[in-house]
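In: Just need the structure, nothing else, for what follows:
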Amino acid sequence: MDEEVFNLELRKFLKRFGITAQREIERAVAAGLEGGALTGRESLPVRATLTIPGLLEPFHIEGEIALSPPPSAAS
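Out: This is a model prediction of the structure:
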């Protein structure tokens, strides 16, 4: 295996995934806001799954995406 080729190809894939995923999330949130399903104050749970058929079982990464800053803790 050529480590340099592998590293470059992996980085290209991850960059493409990141850009595409961001675009799709932005579209979904915009549609949710426009359609009234979102208010713009939510924190959305998110889950990404990566699979390499025959090599890597589904691998999940979970997190949250806030649409606005949290309410102030000051009274």
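In: Spell out the residue ranges of the helices in the chain.
Out: 3-35 (DSSP state H).
In: tell me, what residue is most central in the chain?
Out: Ala21 (5.5 Å; Cα atoms, centre = their mean).
In: Not counting sequence-adjacent ones, nearest residue to that residue?
Out: Ala48 (6.9 Å; Cβ to Cβ, 6 or more residues apart in numbering). (Each C-beta comes from the backbone N, C-alpha and C, glycine too.)
In: now do Ala31
Out: Ala31's closest residue in space is Ala37 (Cβ to Cβ, 6+ apart), at 8.0 Å.
In: how much space between that neighbour and Leu44?
Out: 11 Å (Cβ to Cβ, to the nearest Å).
In: same thing with Gly35?
Out: Distance of Gly35 to Leu44, given as Cβ to Cβ: 15 Å.
In: Between the two, tell me which one has more neighbours.
Out: Neighbours were counted for Gly35 and for Leu44 using other Cβ atoms under 10 Å; Leu44 has more, 14 against 8.
In: Just give the closest residue to the more buried one, not the sequence neighbours.
Out: Nearest non-adjacent residue to Leu44, counting by Cβ to Cβ, 6+ apart: Ile65, 4.8 Å away.
In: Wait, the one you found touches Arg47, no?
Out: No. With contact defined as Cβ atoms under 8 Å, Ile65 does not count as touching Arg47 (11.0 Å).
In: The two: who's more crowded?
Out: The residue with more neighbours, out of Ile65 and Arg47, is Ile65; 11 against 8, by other Cβ under 10 Å.
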